[in-house]
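Undergrad: Give me a model of this one.
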Amino acid sequence: MTQRRRRVTQAEVARLAGVSQAMVSLVLNESDGVRVAPETRKRVEEALRRTGYTVDIMGRRLRGKSNRIIGVFTYEAVFPSGSADFYGPFLGGIEEESEAQGFDLLLFTSPGRRQGRRKVYEEGSNRLGIADGCILLGRHTDRDELDRLVDERFPFVFIGRRESSAGPVSYVGGDYAAATAELYERLWSLGHRRIALVGYREESESTADRRTGYLRACRKHRKAPLALSDDDPSAVYERLRADGVTAALVEAAEMAAALRALANSSGLRVPEDLSIGVLGDADPTQTSGWPLRAVPHVDWTTFRIPRRAMGARAVRILVDMLLGDTAPGRETQVLLPCDLVDGTTVTTAPHR
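TA: The predicted model follows:
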């Protein structure tokens, strides 16, 4: 049976380096205002390498020291293949920028889970506290936990715009309002004059932002809005047909695929008879319960969410917060532009 390796103590490092234990602590903690002779520092660092000494992370946190560790907490699973396609660029940006900033990453998953959802707080304790600060991801946010994190002034940045009644939330999101308005303008330029919005029934900041962009475009062109959020694709499709809609902006790729299938089955063509634009890359974490579960590959007209850039920017904001260069507020709330992607599901309006 393999024996567990005994933890090396500062006293042992001090004996090997020929210095006091206090001197080892000074080198490890890089105490401000205390000068350590270069030769002494070199002996201590060599002893640390030879012994394989590891820092007591929780002890450093209790003493108010930085571990140079950034946590990453996700409310949804990020490793299944479908989700990996969605979350992968976020994590890639976070990893790349953390390395550039000289911080390690710590991914939080279980066991903080209740009723099928991951939780930040377990038995009243903030599980993220071992890290200096944290990047949070996930559409399904726990509002009570978010308020508590803000109240406790724990340093964190959310990927995706978030609001809290407890105070300002630091975030990096996509500018979904501007992107939705831009896609509406693209449809308008192609002759569409009856454009509908089909969003999630569940309210969230991202859904609200898309609706804001849509309503802004409707007001600009003095057109009455038609914003739908029905769970039943058949009911949505019938409403689109009854209202003479020639183009739909759809938040969920799954709903877009369902509407496309219903149009084809009723003898209509997409995009010749009904243009469909998807408001952002498909999110595989969504489960709507709609009859059509699988989303076939379609070259959708959409906008691309800058996931990698969002992950990297979130790290830079968090590091600035940890260094005391900024505090939660407007300077730590950023929306990045989304790029319009022309696909095959949008064309000129049909002549009627």
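
Undergrad: alpha carbons only for contacts and neighbour counts from here, please
TA: OK.

Undergrad: Compute the number of surrounding residues for residue 299.
TA: 11 (other CA atoms under 10 Å).

Undergrad: The chain should start at 25 in everything you say after this.
TA: With the count now opening at 25, the last piece we talked about shows up as residue 323.

Undergrad: Contacts only, for it.
TA: Contact partners of residue 323, counting by CA atoms under 8 Å, 6 or more residues apart in numbering, are 367-369.

Undergrad: Distance to residue 267, secondary structure and neighbour count added to the residues you listed, as JSON lines?
TA: Shown next, in JSON lines, are the contacts of residue 323 (distance: CA to CA, whole Å; DSSP: H, G, I helix; E, B strand; the rest coil; neighbours: other CA atoms under 10 Å):
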{"residue": "367", "distance to residue 267": "25", "secondary structure": "coil", "neighbour count": "15"}
{"residue": "368", "distance to residue 267": "24", "secondary structure": "coil", "neighbour count": "14"}
{"residue": "369", "distance to residue 267": "20", "secondary structure": "coil", "neighbour count": "21"}
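
Undergrad: could you give me the average pLDDT of the strand or helix carrying residue 209?
TA: Element membership for residue 209, per DSSP states H and E: helix 200-213. The predicted model assigns helix 200-213 a mean pLDDT of 98.

Undergrad: Alpha carbons of that helix, as CSV, please.
TA: Taking Å, rounded to 0.1, in the frame of the first residue of the first chain, the C-alpha atoms of helix 200-213 are listed here in CSV:
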residue,chain,number,x,y,z
TYR,A,200,-27.5,41.2,-27.5
ALA,A,201,-29.7,44.3,-27.8
ALA,A,202,-27.5,45.8,-30.5
ALA,A,203,-27.0,42.5,-32.3
THR,A,204,-30.8,41.8,-32.3
ALA,A,205,-31.5,45.3,-33.7
GLU,A,206,-28.8,44.8,-36.3
LEU,A,207,-30.4,41.5,-37.5
TYR,A,208,-33.8,43.2,-37.6
GLU,A,209,-32.2,45.9,-39.8
ARG,A,210,-30.9,43.2,-42.1
LEU,A,211,-34.4,41.8,-42.5
TRP,A,212,-35.8,45.2,-43.1
SER,A,213,-33.3,45.9,-45.8
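
Undergrad: Next SSE downstream of that helix?
TA: Next element after helix 200-213 (DSSP H and E): strand 219-222.

Undergrad: List the contacts of residue 226.
TA: Per CA under 8 Å, 6+ apart, neighbours of residue 226: none.

Undergrad: typo on my end, residue 208
TA: Applying CA under 8 Å, 6+ apart, the residues near residue 208 are 219, 238, 241, 273.

Undergrad: and if we set it to 10 Å?
TA: Shown in contact with residue 208 (CA atoms under 10 Å, 6 or more residues apart in numbering): 202, 214, 216, 219-221, 237-242, 271-273, 301.

Undergrad: Filter those down to the buried ones.
TA: Neighbour-count burial (16 or more other CA atoms under 10 Å) applied to the contacts of residue 208 gives 202, 216, 219-221, 237-242, 271-273, 301.

Undergrad: which one among the residues you listed gets closest to residue 360?
TA: residue 202 (10.0 Å; CA to CA).

Undergrad: dump the residue contacts of that closest one.
TA: 208, 233-234, 236-238, 240-241, 359-362.

Undergrad: Over to residue 235?
TA: Residue 235 touches 200-201, 204-205, 221-223, 229, 241, 251, 275, counting by CA under 10 Å, 6+ apart.

Undergrad: ok, so of those residues, who is nearest residue 261?
TA: Looking across those and measuring by CA to CA, the closest to residue 261 is residue 222, at 10.1 Å.

Undergrad: Residue 278 is in contact with the closest one, correct?
TA: No: using CA atoms under 10 Å, residue 222 is not in contact with residue 278; the gap is 11.5 Å.
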